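[1] prediction below, plus the sequence it came from.
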2 protein chains.
Amino acid sequence: MDKELFFQKLVSFTAAVHQVTHDLTKDVKTGDITPVQYKMLEYITVSQPVTLSEISDCLHMSMPNTSRELKKLCEKNLCEKMTDAEDRRKQVIRLSADGEVLMQLAFQRIATLFNQRIQETTLEDLAELERAIDLLSSKLFYVNPR
Amino acid sequence: MDKELFFQKLVSFTAAVHQVTHDLTKDVKTGDITPVQYKMLEYITVSQPVTLSEISDCLHMSMPNTSRELKKLCEKNLCEKMTDAEDRRKQVIRLSADGEVLMQLAFQRIATLFNQRIQETTLEDLAELERAIDLLSSKLFYVNPR
DNA sequence: TTTTTTACTTATCAAATGATAAGTAGGGGG
DNA sequence: CCCCCTACTTATCATTTGATAAGTAAAAAA
C-alpha cells in the first residue's frame, strides 16, 4: 500500500470536508451568527450542558475570547448561562429555546443537503457510509484531550 | 436505520475533522502563514498550475481578496506568478522552490501525526480506512462546481 | 485564616478576513 | 476601430478573530 498516496488522499479529503461544510454553514445566517459563534452553538448543541472552560478547551479558543463570544450569543438570546449550584465559579451553559430552534433549522438544512447527495444511495450503502464514518472517527479524526 | 442519528454523526464527524486539521495546520507556522494562505498553498499544491480565478472559485474567496493574499504569498517567495502566454489576462500560478519545500514539510507533518494515530492499525484496517475515505469522498464530501 | 489556584470577566490592541468601489489591460465580437 | 466582457489589481473599510493584561469571586490548599 502506498502511504504517500494515502496521505495525499487524506489531505484532499479534509480539504473537501472543509469546503462542503463551509458551503453548508454559510447559509445558516439566521440571526447573524459568525462562523466561530456557529461552531460554539454546534458544540453546545451536542454537548450541553457545558461550561465555558469546556468550550474553550474543545474549540481551542482562549477563555477571554470564548467569554466574549458567548456573551454575544446570550445577548442574541441563543444561549443561557447559569451559575453552577455546586461550584459557583462555574457557568452552566445551555441553548435557549430560540437557540434550539435555530440549531434545529441548521441541522435540517444540513440533512437536506446531504439527503440530496444520498438520494440515489441504497440502504446498504448508507449503512456502509455510517460504518466508514465510525471507522474514520475512531481511528483518525478523534480529538485529543490536552 | 435512524437518519436523525446519522446526521448527528455527520455533524460530529465534520466538527472533529475541523478540529484535527486545525491542530495540524496551526503548527505549520514556518514562514508565518495565515490559515487562509495555508489553504491557498494546499490548493495550489494539489492543483498547480492554477489561475487566480480558480483559487477564488474553489476556495470561495472574492477576487480582490484572493489577489491580495496571493500577492503576500509571492512576496514571501512561496509562489510564482506568470502571465499566461495564450491569454495574457490570465496568471499562471505555481509553487516556488521554497513553496515546494514548505508544503513538503507540511505534508510530512500531517503524515507524522496521522502515522501516530495509525501505528497500531493493521494493514487490512488501513486498506479499509482508505476505502472509507474513498466512499465518503465520492458520496458525501465532493465539491460542487458552480 | 491566609494563600493559592481555578473559573471566568472586562478591556484593549493587532492582525486576519470579508466586502465593495474603482480602476487597468487584454480578448473577442461587431 | 469601437464596444463589451473577462481577468485581475489596488485601495479602502468594517467586521471578525486572536492575543494579552488586569481584574473579580469562589474553591481548595496551606
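    Perfect, I can see it now.
[2] distance of whatever residue of chain A ends up closest to chain B from A:Lys3?
    Closest residue of chain A to chain B, Cβ to the nearest Cβ: A:Ala132 (3.5 Å). Glycine gets a C-beta too; all of them are placed from N, C-alpha and C. Remark: distance between A:Ala132 and A:Lys3 (Cβ to Cβ, to the nearest Å) = 20 Å.
[3] so these two - more neighbours on which side?
    Neighbour count, other Cβ atoms under 10 Å in any protein chain shown: between A:Ala132 and A:Lys3, A:Ala132 has more, with 21 against 12.
[4] give me the pLDDT value at the more buried one.
    pLDDT recorded at A:Ala132 is 88.
[5] what does A:Ile110 give?
    pLDDT at A:Ile110 comes out at 84.
[6] over to the one 3 residues further on?
    Predicted confidence (pLDDT) for A:Leu113: 83.
[7] repeat that for the one 3 residues further on.
    On the pLDDT scale, A:Gln116 is placed at 84.
[8] please apply the same query to A:Ser62.
    96.
[9] is it true that it touches A:Ser56?
    Yes - using Cβ atoms under 8 Å, A:Ser62 is in contact with A:Ser56, at 6.8 Å.
[10] wait, a strand at A:Lys81?
    Yes - counting by DSSP: H, G, I helix; E, B strand; the rest coil, A:Lys81 is part of a strand.
[11] show me what it bridges to in the sheet.
    A:Ile93 (DSSP bridges).
[12] how many neighbours does it have?
    Neighbours around A:Lys81, by other Cβ under 10 Å: 15.
[13] got it, and A:Leu5?
    10.
[14] cool, and the one 4 residues further on?
    Here the neighbour count serves as a burial measure; for A:Lys9 (other Cβ under 10 Å) it reads 16.
[15] how about it, secondary structure?
    Classified using three-state DSSP, A:Lys9 is helix.
[16] just to check, it is in contact with B:Glu130?
    Yes - assessed by Cβ under 8 Å, A:Lys9 is found in contact with B:Glu130 at 6.9 Å.
[17] before we move on, the earlier item: just want the angle from the one helix or strand the residue of chain A closest to chain B maps to to helix B:123-139.
    Taking DSSP states H and E as the criterion, A:Ala132 maps to helix A:123-139. Interaxial angle of helix A:123-139 relative to helix B:123-139 (axes from the mean of the first three to the mean of the last three Cα atoms, to 10 degrees): 120 degrees.
[18] count the neighbours of A:Leu73 for me.
    Neighbours of A:Leu73 (other Cβ under 10 Å): 24.
[19] now for it: which residues touch it?
    Applying Cβ atoms under 8 Å, 6 or more residues apart in numbering or on different chains to A:Leu73 gives the contacts A:Gln37, A:Met40, A:Leu41, A:Cys79, A:Gly99.
[20] nearest to DNA strand D among these?
    A:Gln37 (5.7 Å; Cβ to the nearest atom of the strand).
[21] show me the contacts for the spatially most central residue of chain A.
    Central residue of chain A (Cα atoms, centre = their mean): A:Glu42, 3.9 Å from the mean position. Each residue near A:Glu42 by Cβ under 8 Å, 6+ apart is listed here: A:Met103, A:Ala106, B:Val11, B:Ala15.
[22] wait, a strand at the first one?
    No - for A:Met103, which was evaluated using three-state DSSP, the result is helix, with no strand membership.
[23] that one touches A:Met40, doesn't it?
    No - applying Cβ under 8 Å, one finds A:Met103 not in contact with A:Met40, separated by 11.0 Å.
[24] compare these two (neighbour count), which wins?
    A direct count of neighbours by other Cβ under 10 Å for A:Met103 and A:Met40 places A:Met40 higher, at 26 against 20.
[25] alright, that wraps it up for me.
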